[in-house]
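Q: Let me see the structure of the following:
(one chain, ligands or ions: 1)
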Amino acid sequence: MIIRPLTGLIGAEITGLDLKNLDESSLEALDRAFADHLVLCIRDQSLTPADLMDLTHLLGGPGETPYLTGLKEYPDVVPVIKEADENSPHTFGAGWHTDFTFQERPPAKTLLYAVETPDAGGDTLYANMYAAYDALSDGMKAALNSLNAVHSATRSYGPQATLKNHLEHMTITNDDREPDTRLHPVIRMHPVTNRPALWINPTYTIRFENMTADESEPLLNYLNQLIVSPQFCCRVRWQPGTLTIWDNRCTQHCATSDYHGHRREMWRTTIAGETPMAIA
Ligand code: SIN
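A: Now for the predicted structure:
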């Protein structure tokens, strides 16, 4: 197994590994690489939905997936599809976010497998939220350490959300009433690495606890822009047979809508996570 970092701070490409034949030592090496690089882009796989589910179970078991409809025989495998003849250039996940932070226990990891990809475009960008936390001043760290943020699915999947109108070949069901909100610490301690991460995102984080959305907006905007500074980001260029695993406890990601007129098909699963913990 060969591990090549994609950048100085986030992401690694892995070759020479068969995910259908993982022994104890390669699983341990994969775990170490995951803790070090946060995003692993594993090339040259040949997976069926059943294989993807086996891997999902091996890595901790599936998380709950609301709003998105999975494959009939594998409901935890969500097809992320954009056909060549769609009207809108918008692709699923085309806004910086961390997966499902509106849940009480958001997914720890996400697995995304490329079935068909455009010749160019459709890359996914990732950002390192540990690095963003580390870059803050001591004063800002101290101010944020004790804050909680309110997370909600309202912008993407609430009654007024229009995301699903742009995604003609995905089955998305919006809430018919305002979705519940969830409080999570703004600075999250990673349960495996024990490192703090600046854990907000522009898609699901609505405001700070005990503040209005208007009061929260300037600081949320500043922090969200900091997280996606170029030096904290990497970019995964997909090929059919690439499986990327990312850590939702310390990263954001964003798909790019730059392949209009071309087909892209991915299969996505998540790994169940834990309740986010603040700095002790
Ligand atoms: C996602 O945000 O889960 C999908 C990202 C992608 O398709 O690149």
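Q: residues contacting the residue in the stretch 151-280 of the chain that the ligand sits nearest to?
A: At 3.4 Å from the ligand, Ala255 is the closest residue in the stretch 151-280 of the chain, using CB to the nearest ligand atom. From N, CA and C alone the C-beta is placed, and that goes for glycine too. Applying CB atoms under 8 Å, 6 or more residues apart in numbering to Ala255 gives the contacts Thr91, Phe92, Gly93, Ala94, Gly122, Asp123, Thr124, Leu125.
Q: tell me, which of these make contact with the ligand?
A: Phe92, Gly93, Thr124 (CB under 6 Å from any ligand atom).
Q: Need those residues in CSV (columns: pLDDT and distance to Asn210).
A: As requested, those are arranged in CSV below (pLDDT from 0 to 100; distance: CB to CB, whole Å):
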residue, pLDDT, distance to Asn210
Phe92, 94, 33
Gly93, 95, 31
Thr124, 98, 35
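Q: Out of the residues you listed, which comes closest to Glu265?
A: Phe92 (11.2 Å; CB to CB).
Q: so what's the residue in the chain that the ligand sits nearest to closest to, chain neighbours aside?
A: Using CB to the nearest ligand atom, the single residue of the chain nearest to the ligand is Gly93, 2.4 Å away. Nearest non-adjacent residue to Gly93, counting by CB to CB, 6 or more residues apart in numbering: Ala255, 3.9 Å away.
Q: and Thr7, helix, strand or coil?
A: Secondary structure assignment for Thr7 (DSSP: H, G, I helix; E, B strand; the rest coil): coil.
Q: how much space between it and Asn201?
A: Going from Thr7 to Asn201 by CB to CB, to the nearest Å gives 20 Å.
Q: ok so, going back, show me what the residue nearest to Gly93 bridges to in the sheet.
A: Thr124 (DSSP bridges).
Q: about what we covered before: let me see the contact set for the residue of the chain closest to the ligand.
A: Counted by CB under 8 Å, 6+ apart, Gly93 has contacts Val80, Thr124, His253, Cys254, Ala255.
Q: and the gap between the last one and Ile10?
A: For Ala255, the distance to Ile10 equals 16 Å [CB to CB].
Q: which of the contacts of Gly93 lies closest to Ala197?
A: Among the contacts of Gly93, and counting by CB to CB, the member closest to Ala197 is His253, at 13.8 Å.
Q: element containing the closest one, please.
A: strand 251-255 (DSSP states H and E).
Q: which residues are in contact with the helix or strand following that strand?
A: With elements assigned by DSSP H and E, the helix or strand that comes after strand 251-255 is strand 264-271. If you take CB under 8 Å, 6+ apart as the criterion, strand 264-271 is touched by 47, 49, 52-53, 56, 59-63, 65, 71, 76-82, 91, 99-100, 107-118, 122, 238, 248.
Q: now the angle from strand 264-271 to strand 251-255?
A: 160 degrees (axes from the mean of the first three to the mean of the last three CA atoms, to 10 degrees).
Q: need the residues of the stretch 151-280 of the chain near the ligand, please.
A: His253, Ala255, Met266, Arg268.
Q: Apply 8 Å and report the result again.
A: Residues of the stretch 151-280 of the chain lying near the ligand by CB under 8 Å from any ligand atom: Trp238, His253, Cys254, Ala255, Thr256, Arg264, Met266, Arg268.
Q: excluding its backbone neighbours, what's nearest the fifth one?
A: Translated: Thr256. Thr256's closest residue in space is Asp123 (CB to CB, 6+ apart), at 5.3 Å.
Q: Show residues contacting the host helix or strand of Ala114.
A: According to DSSP H and E, Ala114 maps onto strand 109-116. Strand 109-116 has contacts (CB under 8 Å, 6+ apart) with 34, 45, 47, 52, 55-56, 59-60, 80, 99, 124, 238-248, 263-271, 273.
Q: May I see the buried residues of it?
A: Lys109, Thr110, Leu111, Leu112, Tyr113, Ala114, Val115 (16 or more other CB atoms under 10 Å).
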